[in-house]
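Student: Below is the sequence, then the predicted model.
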Protein chains: 2
Amino acid sequence: MEANDDSDIIEHHVEEEMEKRATRSHAASSSSFLESVTPSDREGHSGTQSSHRLLAYSDALISIIATVMILPVAHTKVEDNEELRESVQILLTTKIAVYLMTFLIVTVAWAAHIRLFQVIVRIDDCLALLNLACMMLITFLPYTFSLMATFPENILGILLFCGCVMVMGVIQSVIVLYAFSRPFLLNEQIQISEHQTFYKHHILKVIMRVPLMCFIATIFSFIFFQLSYVVLAIVIFLPYISQSLKWCRSKAIGQVEETPDSMLFYTYLPNEPLSKDRVEAFSDGVYAIVATLLILDICEDNVPDPSIVQKQYGGSLIAALQDYGPEYLAYFGSFVTVGLLWFVHHSLFLHVTKATRFMGLLNTFSLAFVGGLPLAYQLTHEFPHNTRNELEAIQISCVIIFFAGIFQLAIWVAALYNEQETLHPYVRYGGREHVFMLAKLALYPCVALGTFFLTCILSKFSAPIFHLMQITVPFAFLVLRLLVRVGLALLRLLFCPDRPDPRSIVDEEDEETRVPFNALVT
Amino acid sequence: MEANDDSDIIEHHVEEEMEKRATRSHAASSSSFLESVTPSDREGHSGTQSSHRLLAYSDALISIIATVMILPVAHTKVEDNEELRESVQILLTTKIAVYLMTFLIVTVAWAAHIRLFQVIVRIDDCLALLNLACMMLITFLPYTFSLMATFPENILGILLFCGCVMVMGVIQSVIVLYAFSRPFLLNEQIQISEHQTFYKHHILKVIMRVPLMCFIATIFSFIFFQLSYVVLAIVIFLPYISQSLKWCRSKAIGQVEETPDSMLFYTYLPNEPLSKDRVEAFSDGVYAIVATLLILDICEDNVPDPSIVQKQYGGSLIAALQDYGPEYLAYFGSFVTVGLLWFVHHSLFLHVTKATRFMGLLNTFSLAFVGGLPLAYQLTHEFPHNTRNELEAIQISCVIIFFAGIFQLAIWVAALYNEQETLHPYVRYGGREHVFMLAKLALYPCVALGTFFLTCILSKFSAPIFHLMQITVPFAFLVLRLLVRVGLALLRLLFCPDRPDPRSIVDEEDEETRVPFNALVT
């Protein structure tokens, strides 16, 4: 049970995953089944199943739940005659808090779900049903937050929340006990281990930690309810804080000391790998739902009433729709922004070979801001032109986009810290694609920051211009590739004009002999 | 270019997919990168990328867009004093039509997207951006339908729709031309084929068919706009009708004649395989968004106003929340129904090795009804107890659930027709899991049908009882496994009491020597 045992466990798990997929694809491709009663096929079709699709569905559910709570925020009508600042402050105290708390607690639950299903790698019908019950309780959590935010003095919200978490704890314990009673469902490393009972107890202990704290919060809520909020805050932020602290410490004092008995895959150690597939699936879900919430608003609010069109516009639909012009522009602008943030995320994770927990944390923060984009959309088209409110709405949008982008950049920086483990050699510091990736990641924060300062200086900066800017950004991406190449060529010309870069020769030779795989040659 | 060339193409594609995945997993698992500059790794990181995640994101976007249009339907307030039948008729004419049209046209676009990316198997940044532009136009389609439904006499909706489709056609053509100008992005079968130009022209012809029809519809809209609706209806239903007709014909006259020059992967032939992964991803998206829309309604509508609680309930939050009791019950009931329908779908596709286009079509119909569940949820908790309206709301729910389930059953039946190709040997007719799978699939249609007739006979059948029934169904699933086993044992006892089934002996031996993989032994 040395520490590097654990990396073996994980590696083994990944290899097994690969094998499983290969088997699935194989089953899909082979049209004759003469040879199909192999053990692996058998296993796939007799009650025991690969957990792949269950996890994908759970990811989709959790990501949508995390994001969809922005809708009540975005739908809160901000009065025109009030100052925006005031209304935003009212929003901040309740609905945005609900949104952020939901997002954070749901991602904590999601991380726990990942850990659990790194131990249990196969499922059967019973586990699938138990998992669905767990999902039902997770989807109910946002409602308990709504109650807490609306009635902070009432303990009912706390009780409901703690009740849900405790029931989830019980269900997860049942899942673990069930899986350990049928060891063929487990990770093979645990399956063949002689310490199975020890593993079981350790995992149960980790799972019951959060429900136990919720139980304490329940007791506090009857005595002194403010304390139970403190306990809940600790529950939500504990993994994040401990991750950050451990990461800082590991950076400060070098390598973490080797704890021989630790089971890395069931702790919060920041360098431990998350399942990259699941991080991608979760992120895809968030980006997809954000992009779709926008059109939902368009369809619900921007179809004029036939009677109004008849009376006010003399039956001219085009005239009636012209009033909605800003909405359409805002929609296209926001969709482009969401799409390109996804595109940057996609490019980033193409180069990442392994996502650490700390990168997962940064990803969560980035996604929380991406989830705020429908609010930005709602704000920017709501106010009349050239008012103070409109300027401030644009500024809020810039702040949201800036943070969404800067946390993506932070993922990249965090990956560079462990580049041996997390990045592909082609994009490591100084690597072929490194500069271009950096430029891609820096584009949105820079544009958002620039626009923010522009709005501070100029008093006249209208939302349509802002949205037009959003729409032009994709072309910037295409231009960027050209610019980076020209810039690199210039740099090479300036610093070593005589000596041609040896790598570039190799690459050029490459290009002549092979298909041109590379658009960017450093 | 014989007909079985095509199955080669597809098989090759699947194999390649498998290889790609294996490569990805491998890249994720290997922590030292000494050996990593292999050609396949290189390919993954120099501008050219696997299309896997782009497709997953597109699936998520398209499935959410298809489903989310049920929200305007569900949010339409049905007046209590009116008869439900009348309000439903008003709904039917506009919003449900918008929902169904959106669902159908979006799945047509999705099928085209699958076909396109069966030809183009690798992407680069440029293709990713073009694909995002396509997605943006797809998300805008529901709005054009809203306009058409609200202003059927005005041609603006038609023009907007046709405009979107034509632009999408242009973008897709650009994608095809771009991909054929960089052949390393293509399916390898096409890459090495000497008929590349022929393939290109054929694919372009297929792609431009729909935009061309839209162009005709545009011209008609200026002359005689009713005709353009007919053309649009043909556009939407043509693939479905032609699929059904071809399927009927192939069943009636046996095997379809071999057309030597056809490219099966770019036609509508019903037996041609869809990408099973993408069908699953699309279905997951629909189920996930439906489950989540329910809690969104709960959070937006069922948090009482603090001032009302103070005035009407003397500050007692619990008393205030008791009014929402039916909503909570309705929520849990609906979530359980969605979850279990997903569960059945999941079990079904575990046994399917290859999804044909006809199965995909049935799957679309099933999903369209699943998407209607939020409407059922809204209706069942909206009316006072023991009214005619409540009964009718329950009946509508039963109809929706019945059709969602019966189309799942139809997928199974369609799979049994081609069981050699589409099903795993273990579940083929008479196979080990066959009876249990059939029982699982039949459960929801039977329960829904039974409840429907109960509501016809009994005049007193309340929504809470209905939702309690929904919640008890998962236990039925667990009981089912037992019942099927007992039933099979009884049948064996009745018909061949003396001769013990040879298979069962083998299985029992199996069970003693090996880990008990099988919960059900026939």
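Tutor: Nice, I can see it.

Student: Chain A: strands as residue ranges?
Tutor: For chain A, the strands defined by DSSP state E occupy A:49-50, A:122-123, A:273-274, A:355-356.

Student: Give the rounded mean pLDDT of stretch A:339-357.
Tutor: The pLDDT scores in stretch A:339-357 average 87.

Student: which bits of the stretch 101-250 of chain A sit near chain B?
Tutor: Taking CB under 8 Å from any CB of the partner chain, the part of the stretch 101-250 of chain A that reaches chain B is made up of A:124-126, A:128-129, A:132, A:135-136, A:139-140, A:142-143, A:146-147, A:150-151, A:154, A:156, A:182-184. The way it works is simple: take the backbone N, C-alpha and C, and place the C-beta from them, glycine included.

Student: so which of the strands of chain A gets nearest residue B:485?
Tutor: strand A:49-50 (18.9 Å; CB to CB).

Student: which helices and strands does the closest one pack with?
Tutor: When contacts are defined as 3 or more CB pairs under 8 Å, 6 or more residues apart in numbering or on different chains; DSSP states H and E, strand A:49-50 packs onto strand A:122-123.

Student: Turn the strands of chain A into TSV, columns for distance to residue A:190.
Tutor: Below are the strands of chain A laid out as TSV (distance: least, CB to CB, whole Å):
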stretch	distance to residue A:190
strand A:49-50	17
strand A:122-123	12
strand A:273-274	17
strand A:355-356	22
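
Student: what packs against the longest helix along chain A?
Tutor: What stands out as the longest helix in chain A, according to DSSP state H, is helix A:463-495. If you count contacts as 3+ CB pairs under 8 Å, 6+ apart, helix A:463-495 packs onto helix A:325-351, helix A:373-380, helix A:388-417, helix A:434-457, helix B:125-150.

Student: how does it look with 6 Å?
Tutor: The helices and strands touching helix A:463-495, judged by 3 or more CB pairs under 6 Å, 6 or more residues apart in numbering or on different chains; DSSP states H and E, are helix A:325-351, helix A:434-457.

Student: most packed of these?
Tutor: Highest mean neighbour count of those: helix A:325-351, a mean of 22 (counted as mean count of other CB atoms under 10 Å in any protein chain shown).

Student: quick one: it to helix A:388-417, angle?
Tutor: Here the directions of helix A:325-351 and helix A:388-417 differ by 10 degrees (axes from the mean of the first three to the mean of the last three CA atoms, to 10 degrees).

Student: out of the helices and strands packed on helix A:463-495, nearest to chain B?
Tutor: Closest approach to chain B among those (CB to the nearest CB): helix A:325-351, 4.2 Å.

Student: which helices and strands does the closest one pack with?
Tutor: On a contact count with 3+ CB pairs under 6 Å, 6+ apart, helix A:325-351 meets helix A:276-301, helix A:373-380, helix A:463-495, helix B:125-150.

Student: Next one: the most centrally placed residue in chain A relative to residue A:94, how far apart?
Tutor: With distances taken as CA atoms, centre = their mean, the residue of chain A nearest its centroid is residue A:283 (3.9 Å). Counting by CB to CB, to the nearest Å, the gap from residue A:283 to residue A:94 is 27 Å.

Student: Low-confidence stretches in the stretch 301-450 of chain A?
Tutor: A:384-386 (pLDDT under 70).

Student: Quick check: residues of it near chain B?
Tutor: A:303, A:317, A:335, A:339, A:343, A:346, A:350, A:353-354, A:421, A:424-426 (CB under 6 Å from any CB of the partner chain).

Student: now for the residues you listed, which pair is the farthest apart?
Tutor: Most distant of those, by CB to CB, are A:317 and A:421, 58.8 Å apart.
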